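Enquirer: My questions are about this predicted structure, shown below with the sequence.
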Amino acid sequence: MAYTAAVVILAGCTFVALVATGPGTDSGWNKAATIGVGAFCALILWRLGQVRATVTPERLTVHNIVVTRRLEWAEVLSVRFGPGDPWVRLDLSDGKALAVMGIQRADGARRSENEAARLAALVQALGEAPEG
């Protein structure tokens, strides 16, 4: 859905910039700004469509809106998803926490909790880092 919305917004802004008539519409800057706003909105939607967690036997790759991070399974200590948390968080061996926006409560409580439990089981099975 995010990809479709991105294309529609970009196409719509481009269409408006090219066919609009009236005061100020003949300015190249106005046309470029309208297309630029559409492109910026499309970029944000495109990145939202990229949000996910990819699992392989070797690693977990977390694609969030801005950052993509590849983690070896041994780097992940635990998976947290409390009742008030908007998305899953990973506790990492370097002492930091990493949000996994691909598993979020907005997708439905039951589905997100099942996915969080599945990810926790994978962390346990594929190489939870030793403590200390």
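Expert: Sure thing, it's come through.

Enquirer: going forward, measure contacts between C-alpha atoms and count neighbours the same way
Expert: Will do.

Enquirer: Let me see the domain layout of the protein.
Expert: 2-50, 52-127 (automatic domain parsing).

Enquirer: Centre-most residue in the chain?
Expert: In the chain, the centroid-proximal residue (C-alpha atoms, centre = their mean) is V51; its distance is 2.5 Å.

Enquirer: correct me, but that residue touches A99?
Expert: No: between V51 and A99 there is no contact under C-alpha atoms under 8 Å: 11.0 Å.

Enquirer: could you dump the domains of the chain to a markdown table with mean pLDDT and mean neighbour count?
Expert: Formatted as a markdown table, these follow (pLDDT from 0 to 100; neighbours: other C-alpha atoms under 10 Å):
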| stretch | mean pLDDT | mean neighbour count |
| --- | --- | --- |
| domain 2-50 | 92 | 16 |
| domain 52-127 | 92 | 16 |
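
Enquirer: quick one: contacts for A53?
Expert: Going by C-alpha atoms under 8 Å, 6 or more residues apart in numbering, A53 touches L60, T61, V62, H63, V100, G102, I103.

Enquirer: do that again at 10 Å, thanks
Expert: Taking C-alpha atoms under 10 Å, 6 or more residues apart in numbering as the criterion, A53 is in contact with 60-64, 68-70, 100-103, 119.
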